[in-house]
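Trainee: sequence first, predicted coordinates after that:
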Amino acid sequence: MKIKELLTDESKWTQRSFAKTSSGRTVTWDDPEACCWCLAGAGRKCYGWTVWRDSIRDVIEAEINTDSVYFNDFPKRTFAEVKALVEKLDI
């Protein structure tokens, strides 16, 4: 699965946590109760920790010229911007 297939709408995206449950509780990206993820959490869920760390994160950060967590968590960041990025990179 690609990130763009996981983050299909705003309800599946979050900020300031790798993942959250439907009640809003912060959990790890691989928690079975997770229903929404940040960009980094989604990347880890879709590609696994090693592939995320060794390649996918670098592809994203080369495109945005900053840390992927900072990009996702920027206070004025929108889901549309995150979605556009993963669509553009086809990840």
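Mentor: Yep, that arrived. Fair warning: this is a prediction, and the values are worked out from it, not measured in the lab.
Trainee: tell me which stretches of the chain form strands.
Mentor: For the chain, the strands defined by DSSP state E occupy 19-20, 26-27, 36-37.
Trainee: make JSON lines out of those strands and add distance to Ser55.
Mentor: (Each C-beta comes from the backbone N, C-alpha and C, glycine too.) Compiled in JSON lines, the strands of the chain are given as follows (distance: least, C-beta to C-beta, whole Å):
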{"stretch": "strand 19-20", "distance to Ser55": "21"}
{"stretch": "strand 26-27", "distance to Ser55": "25"}
{"stretch": "strand 36-37", "distance to Ser55": "18"}
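Trainee: just the pLDDT for Gln15.
Mentor: Note on Gln15: pLDDT of 98.
Trainee: list the contacts of the closest residue in space to it that isn't next to it in sequence.
Mentor: Excluding its sequence neighbours, the residue lying closest to Gln15 (C-beta to C-beta, 6 or more residues apart in numbering) is Asp73, at 5.0 Å. Counting by C-beta atoms under 8 Å, 6 or more residues apart in numbering, Asp73 makes contact with 15-16, 38.
Trainee: could the strands of the chain go into CSV alongside mean pLDDT?
Mentor: Putting those into CSV (pLDDT from 0 to 100) gives the following:
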stretch, mean pLDDT
strand 19-20, 98
strand 26-27, 98
strand 36-37, 98
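Trainee: for the ones you listed, give me CSV that also has mean neighbour count and distance to Glu61.
Mentor: Converted to CSV, these look like this (neighbours: other C-beta atoms under 10 Å; distance: least, C-beta to C-beta, whole Å):
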stretch, mean neighbour count, distance to Glu61
strand 19-20, 22, 20
strand 26-27, 15, 23
strand 36-37, 23, 18
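Trainee: so which of these gets nearest Arg77?
Mentor: Go through these one by one with C-beta to C-beta and the one that ends up closest to Arg77 is strand 36-37, at 14.2 Å.
Trainee: does anything pack onto that closest one? Which helices or strands?
Mentor: Under the contact criterion of 3 or more C-beta pairs under 8 Å, 6 or more residues apart in numbering; DSSP states H and E, strand 36-37 touches strand 19-20.
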